[in-house]
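A.B. asks: Build me a model from this:
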Amino acid sequence: DLDVWALDQLSPGLGWVLYYKVFAIVAAILVSWKILGRKRFASSVLYILGYPLIVLLWKLPIFAFRRWPLLFTFAPVIYRAIITFPATFLLYTLAIFSVLIIMTINEGALLVPAMAGLAVFLIVHLYRSIRNAYGVSIMASLSSALRKFRDSIRQGTFDHAQTPNAVPQAGSAEKPQDPSSLYCLRVLTEIVIDRVGLEVRSRKHDLYLMVCWLYTLSMTTLVFTFQFLALDKLDPSAFTSIPPEASFWEFLGFSLGYLTTAKISRITPVSHIAAALAYAEVACAVLIFVILVFTVLTAARESYKSNMDEFSAELKSIGEALDRRLTEVYLMTSMEVEQFLLRDKAPLVNALRKVRGLPEFPAPAPKPVQPAVSNIVTGTAQTPAA
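C.D. replies: Take a look at the predicted model:
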């Protein structure tokens with residue numbers, strides 16, 4: 001168990017505590033029940049048990065609603081994480097089990113498969129780090145979909161609105177055309193362009209690329225640290241100038257020294273396998289430098305910027321197509337449509353203006369009702385003409 005291993009590593013003298021952990025857990029539950037009371041304790045237990053559902057069904061949707069521009073900006077990253085989740089889960093499970101085997105077993109044939117598992121993890125991780133900069137982004141697919149949507153607006157197949165020449169005559173049973181759908185779509189397009197462009201200009205994606213590169217550097221260091229530790233358990237004569245009981249921290253310094261070419265460790269590889277692992281880490285250091293220069297600083301940034309520029313251009317073309325469609329069908333500009341809708345849909349217009357940071361329009365005053373005038377001769381009520 002992990003608790004047994006952790007206590008054995010941190011304080012072996014307290015191993016007797018584990019024999020009474022059941023009683024300690026029961027005592028903690030009783031004390032909490034007494035302090036919180038029956039209702040608060042029951043609600044706290046239900047909250048803890050149902051917290052994953054609370055996060056999934058409540059906190060994440062609220063976060064997505066409030067920070068939708070940021071999520072939209074990181075759409076390529078989120079999409080790639082979703083489609084690669086099964087393989088990533090298996091890969092990290094393999095790495096975790098390999099690390100547990102290396103840390104808990106001092107000798108035996110299981111160390112060799114554990115070393116192989118870590119090697120597979122590192123190779124796949126480095127390959128993904130290079131491929132991500134040159135893969136097809138989800139933003140390119142979205143831009144293609146927006147291009148088709150723009151064409152449907154220009155051709156009139158989106159709203160099926162009639163042109164002024166085909167507008168129904170007075171007295172017709174057909175309802176008059178309503179420009180609110182095109183107006184709302186035009187405003188939403190403007191909002192997306194403004195908010196997403198602001199997030200792109202904040203360069204959060206550049207910070208994400210740098211964090212990913214540092215994560216790759218850290219993973220490479222840790223993988224080779226465990227590789228050296230496992231090799232030392234298999235062959236104690238593979239390294240020289242090491243303490244009799246070499247621990248994780250000695251090999252961590254050795255791994256950092258080879259990865260950064262800073263000879264801060266006194267450990268020296270002696271056997272052929274140890275030397276091969278050391279040279280492999282040097283080769284990974286060169287590859288990580290290539291990832292930094294040609295992927296993080298150039299290719300990945302340029303690819304992301306190109307995809308976002310194309311996406312913004314398609315959104316702007318959709319806005320222009322909507323403006324042209326409003327002019328063709330309703331013979332009004334966007335501002336004139338806004339004034340037109342203000343009479344019957346003032347809450348909708350003001351809500352969209354508030355989202356854009358524009359001042360709200362005052363609600364139009366209701367039309368006064370003309371009093372009826374009595375006709376003394378005929379005894380009928382007449383409404384004065386306007």
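A.B. asks: what about S98, neighbour count?
C.D. replies: 25 (other Cβ atoms under 10 Å). Bear in mind the C-beta positions are built from the backbone N, C-alpha and C, glycine included.
A.B. asks: list the contacts for it?
C.D. replies: Shown in contact with S98 (Cβ atoms under 8 Å, 6 or more residues apart in numbering): 113-115, 117-118, 121, 226.
A.B. asks: Could you measure from it over to K21?
C.D. replies: 28 Å (Cβ to Cβ, to the nearest Å).
A.B. asks: Return the residues in contact with C212.
C.D. replies: Applying Cβ under 8 Å, 6+ apart, the residues near C212 are 129, 296.
A.B. asks: and it, which of the three is it?
C.D. replies: helix (DSSP: H, G, I helix; E, B strand; the rest coil).
A.B. asks: Following element in sequence after the helix or strand in which V337 is found, please.
C.D. replies: Using DSSP states H and E, V337 falls within helix 334-341. Remark: after helix 334-341, the chain's next helix or strand is helix 346-355, criterion DSSP H and E.
A.B. asks: Strands of the stretch 151-300 of the chain, start to end?
C.D. replies: 239-240, 268-269 (DSSP state E, counting those that start in this stretch).
A.B. asks: Just put these in TSV and tack on distance to L214.
C.D. replies: Below are those laid out as TSV (distance: least, Cβ to Cβ, whole Å):
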stretch	distance to L214
strand 239-240	28
strand 268-269	26
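A.B. asks: how about these, which one is nearest Y134?
C.D. replies: strand 268-269 (34.9 Å; Cβ to Cβ).
A.B. asks: now the closest one: mean pLDDT?
C.D. replies: Strand 268-269 shows a mean pLDDT of 88.
A.B. asks: helices or strands up against it?
C.D. replies: Judged by 3 or more Cβ pairs under 8 Å, 6 or more residues apart in numbering; DSSP states H and E, the packing partners of strand 268-269 are strand 239-240, helix 272-290.
A.B. asks: weakest of these by average pLDDT?
C.D. replies: The bottom spot among the helices and strands packed on strand 268-269, by mean pLDDT, belongs to strand 239-240, with a mean of 86.
A.B. asks: by how many degrees do the helix holding V337 and helix 346-355 diverge?
C.D. replies: Calculated by axes from the mean of the first three to the mean of the last three Cα atoms, to 10 degrees, helix 334-341 forms an angle of 140 degrees with helix 346-355.
A.B. asks: can you give me the offset of helix 334-341 from its chain's centre?
C.D. replies: Put simply, helix 334-341 sits 37 Å off its chain's centre (Cα atoms, centre = their mean, to the nearest Å).
A.B. asks: ditto for stretch 73-81
C.D. replies: 6 Å.
A.B. asks: I'd like the average pLDDT over that stretch.
C.D. replies: Rounded mean pLDDT across stretch 73-81 is 87.
A.B. asks: Give me the contacts around that stretch.
C.D. replies: Contacts for stretch 73-81 (Cβ under 8 Å, 6+ apart): 71, 88, 132, 135, 137-139, 142, 196, 199-200, 204-205, 208, 304, 307-308.
A.B. asks: Any of these buried? List them.
C.D. replies: Among these, the ones that count as buried by 16 or more other Cβ atoms under 10 Å are 132, 137-139, 142, 196, 199-200, 205, 208, 304, 307-308.
A.B. asks: Format those residues as a markdown table; extra columns: distance to L57 and pLDDT.
C.D. replies: Formatted as a markdown table, the buried ones among the contacts of stretch 73-81 follow (distance: Cβ to Cβ, whole Å; pLDDT from 0 to 100):
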| residue | distance to L57 | pLDDT |
| --- | --- | --- |
| N132 | 31 | 76 |
| S137 | 29 | 74 |
| I138 | 25 | 82 |
| M139 | 28 | 83 |
| L142 | 26 | 87 |
| V196 | 26 | 88 |
| E199 | 26 | 88 |
| V200 | 30 | 87 |
| H205 | 28 | 86 |
| Y208 | 27 | 89 |
| Y304 | 31 | 85 |
| N307 | 32 | 87 |
| M308 | 31 | 89 |
